[in-house]
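A.B. asks: Sequence and predicted structure are below.
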Amino acid sequence: MDLWRLLRRDALRNVQSLFLLAAFAAALNLSVLTTLNDALLHLEDGHGLERLLLIFLVSAFVWRMAQNLLMRMASKRIQAGLGRLRVDLLRRALAADLPDVMALGPNRIAQAAGAELQILAQAVPTLVISVQSVAAIILCLVYLSSLSGLAVLIVLASLGIGGIIVARIVAKLEVQAESIHESEVGLTERADHILKTLRECKVNRRRRANALADIDACTGELHRKRFQFNVLYADYYMANELAYYFSIAGIIFLLPALAATEISTVVLSAHAAAFVAYPVITIVTSYPSYMGAETAARSYLAIEAELKTPALPPKPAPGPAVDFTGFSTLALEGTTFRHAGRDGIGSFSVGPIDLTVERGTVIFVTGHNGSGKSTLVHMLLGLYPAHRGALTVDGQPVAADEMASYRDLFSVVFSDVHLTRQLYGARDLEDGFAEELFDLLEIADKVALDGNAFTTVELSQGQKKRLALVAALLERKPVLVLDEWAADQSPYFRRKFYREIIPWLKARGITVIAVTHDDAYFDAADVQIQVDRGSARRLVPARPASEPESLPAV
Ligand SMILES: Nc1ncnc2c1ncn2[C@@H]1O[C@H](COP(=O)(O)OP(=O)(O)OP(=O)(O)O)[C@@H](O)[C@H]1O
């Protein structure tokens with residue numbers, strides 16, 4: 001049902017043409033049956049048999065063509081729809097509140113948008129054939145009723161009894177499929193963890209052994225669950241085959257016993273019963289694919305629900321709705337945010353914070369580890385929604401639908417920066433500003449522009465941070481936010497950053513908000529915000545008694 005809900009939403013809107021084609025293919029399947037049954041009645045009529053053979057060949061050929069067309073049409077639409085779902089989930093992740101995305105975990109979202117939708121895509125051919133099979137079953141039953149109403153009852157009874165047994169097995173299969181899915185998610189997480197900590201695992205044998213033992217245990221559990229699933233599936237398949245044989249046997253043995261029936265009617269009915277039961281078997285064999293697709297669809301919808309984003313418009317709204325670029329002050333007014341923690345443990349509140357950022361100033365956010373500096377900056381960026389209080393621009397609260405325009409004021413380099421070669425956010429790359437920045441950040445001999453991308457991002461950690469700063473400045477935003485940017489820089493470049501680059505940014509009118517632990521340079525700021533256990537205090541930065549000596553460039 002979740003699969004249906006998902007496909008209905010987009011890929012299978014206006015599904016009538018597909019259903020019509022499925023019905024047409026099923027009608028041709030019926031034509032094959034009735035032609036063969038006619039032939040059974042005219043085995044001694046040579047001319048008649050030739051004509052029937054011709055009808056059979058034409059019906060079989062057109063049936064094949066119709067089925068092929070149905071498969072192509074459905075696959076094309078479903079694949080395009082799945083592509084849209086993939087992008088849609090990423091758009092929802094971008095539109096969702098950051099804490100909701102972080103609680104869910106980016107890996108989980110990537111898996112739903114990638115591997116799980118792939119499972120769904122792979123199930124499409126068998127699902128399409130199943131739809132046609134359902135139509136074929138209905139038409140063949142109608143035909144069977146024209147031969148004998150009692151035969152229909154016998155077939156339905158056999159399939160019905162088989163169905164009750166099958167339904168019980170299906171319930172177990174579904175539980176098992178869900179459990180397999182959970183194990184697969186756990187396995188992917190562990191494999192991802194190993195691959196992301198390759199270096200640590202290589203260095204630490206104990207860590208490597210434990211990580212491998214953990215993944216081994218997960219794999220073993222997954223194999224056990226898969227084995228149990230396959231055993232259940234064999235039961236499931238056999239129950240269906242028995243129902244198939246019982247429907248034909250029921251007609252041969254019961255129909256003449258229950259009512260006076262001509263032999264020809266018994267033969268034709270038994271043959272028609274086989275045409276009913278064959279597509280049942282087709283549906284049965286496609287059921288694991290269906291179940292995999294259903295689980296993937298459920299997982300996709302669950303993630304969508306957890307992201308708590310409303311239905312998205314087909315295209316993002318063009319341009320900013322409100323222009324905040326002429327701002328004089330940005331402020332947090334009595335704002336609080338609380339990290340929920342897990343099961344009540346580890347929750348942490350920041351605020352209420354009153355903080356005004358004047359345009360063109362340099363602000364350093366300082367404080368102990370875990371005091372709430374990054375959280376405060378996320379609140380100022382509007383990434384952590386305020387539980388209380390407000391974000392204001394020139395004293396006016398920023399409304400929820402103005403938040404995207406508000407965030408447009410900032411460029412950011414986070415402490416765990418992830419660099420991409422493509423400069424998705426940059427503007428006006430041809431005016432020489434990028435080259436000026438490469439020189440300023442002393443990486444002109446390492447990297448250059450290649451169209452809208454950097455030539456490389458394969459750099460040392462400190463160089464990566466410098467390149468990330470170039471990328472941020474190329475966005476040409478009025479406010480630059482840096483989270484422990486200088487932490488990876490050498491003493492020489494750290495000094496250059498605080499004594500040359502920050503004044504250079506200020507001279508260009510850029511407002512700088514920097515989280516920093518570099519107390520030797522606190523005086524490079526106009527304002528120091530000292531954060532302590534979730535509270536903030538405004539200080540006038542003092543020049544330190546001694547500053548690291550000016551060092552030669554290296
Ligand atoms: N995603 C999160 N979920 C739950 N709690 C969090 C989360 N992020 C941070 N915290 C908690 O909030 C507190 C403040 O974290 P924050 O990252 O703001 O500190 P910080 O001052 O920037 O620290 P550091 O100097 O170590 O980077 C921490 O003590 C941490 O326990």
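C.D. replies: Structure's in. What do you need?

A.B. asks: Pretty sure Asp354 sits in a strand.
C.D. replies: Yes. Counting by DSSP: H, G, I helix; E, B strand; the rest coil, Asp354 falls inside a strand.

A.B. asks: Next one, pLDDT for it please.
C.D. replies: Note for Asp354: predicted pLDDT of 93.

A.B. asks: Then Gly389?
C.D. replies: Per-residue pLDDT puts Gly389 at 92.

A.B. asks: give the contact list for it.
C.D. replies: Leu332, Glu333, Gly334, Thr335, Thr336, Gly351, Pro352, Ile353 (Cβ atoms under 8 Å, 6 or more residues apart in numbering). To be clear about C-beta, it is placed using only N, CA and C from the backbone, and glycine gets the same treatment.

A.B. asks: separation between it and Thr335?
C.D. replies: From Gly389 across to Thr335, the span is 3 Å (Cβ to Cβ, to the nearest Å).

A.B. asks: tell me, what's touching those two both at once?
C.D. replies: The contact sets of Gly389 and Thr335 overlap at Gly351, Pro352, Ile353 (Cβ under 8 Å, 6+ apart).

A.B. asks: sorry, back to before: what subset of the contacts of Gly389 is buried?
C.D. replies: Using 16 or more other Cβ atoms under 10 Å as the burial test, the contacts of Gly389 include Leu332, Glu333, Thr335, Thr336, Gly351, Pro352, Ile353 as buried.

A.B. asks: Let's test this: mean pLDDT of the one helix or strand the first one maps to, rounded?
C.D. replies: If I follow you right, that is Leu332. Following DSSP states H and E, one finds Leu332 within strand 329-339. Taken as a whole, strand 329-339 carries a mean pLDDT of 93.

A.B. asks: Output that strand as PDB, nothing but the C-alphas.
C.D. replies: Provided in PDB are the C-alpha atoms of strand 329-339 (Å, rounded to 0.1, in the frame of the first residue of the first chain):
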ATOM      1  CA  THR A 329      21.800  45.100  12.600                       C
ATOM      2  CA  LEU A 330      21.000  41.400  13.100                       C
ATOM      3  CA  ALA A 331      20.000  40.200  16.500                       C
ATOM      4  CA  LEU A 332      19.000  37.400  18.700                       C
ATOM      5  CA  GLU A 333      16.400  38.700  21.100                       C
ATOM      6  CA  GLY A 334      15.800  36.500  24.200                       C
ATOM      7  CA  THR A 335      16.400  33.500  21.900                       C
ATOM      8  CA  THR A 336      16.700  29.900  23.300                       C
ATOM      9  CA  PHE A 337      17.500  26.600  21.700                       C
ATOM     10  CA  ARG A 338      17.700  23.200  23.300                       C
ATOM     11  CA  HIS A 339      19.500  20.100  22.100                       C
END
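
A.B. asks: Generate CSV for the contacts of Gly389, with distance to the ligand as supplementary columns.
C.D. replies: Converted to CSV, these look like this (distance: Cβ to the nearest ligand atom, whole Å):
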residue, distance to the ligand
Leu332, 14
Glu333, 20
Gly334, 19
Thr335, 14
Thr336, 13
Gly351, 12
Pro352, 16
Ile353, 12
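
A.B. asks: residue contacts, the spatially closest residue to Arg476 that is not a sequence neighbour?
C.D. replies: Nearest non-adjacent residue to Arg476, counting by Cβ to Cβ, 6 or more residues apart in numbering: Arg427, 5.5 Å away. Going by Cβ under 8 Å, 6+ apart, Arg427 touches Leu474, Glu475, Arg476.
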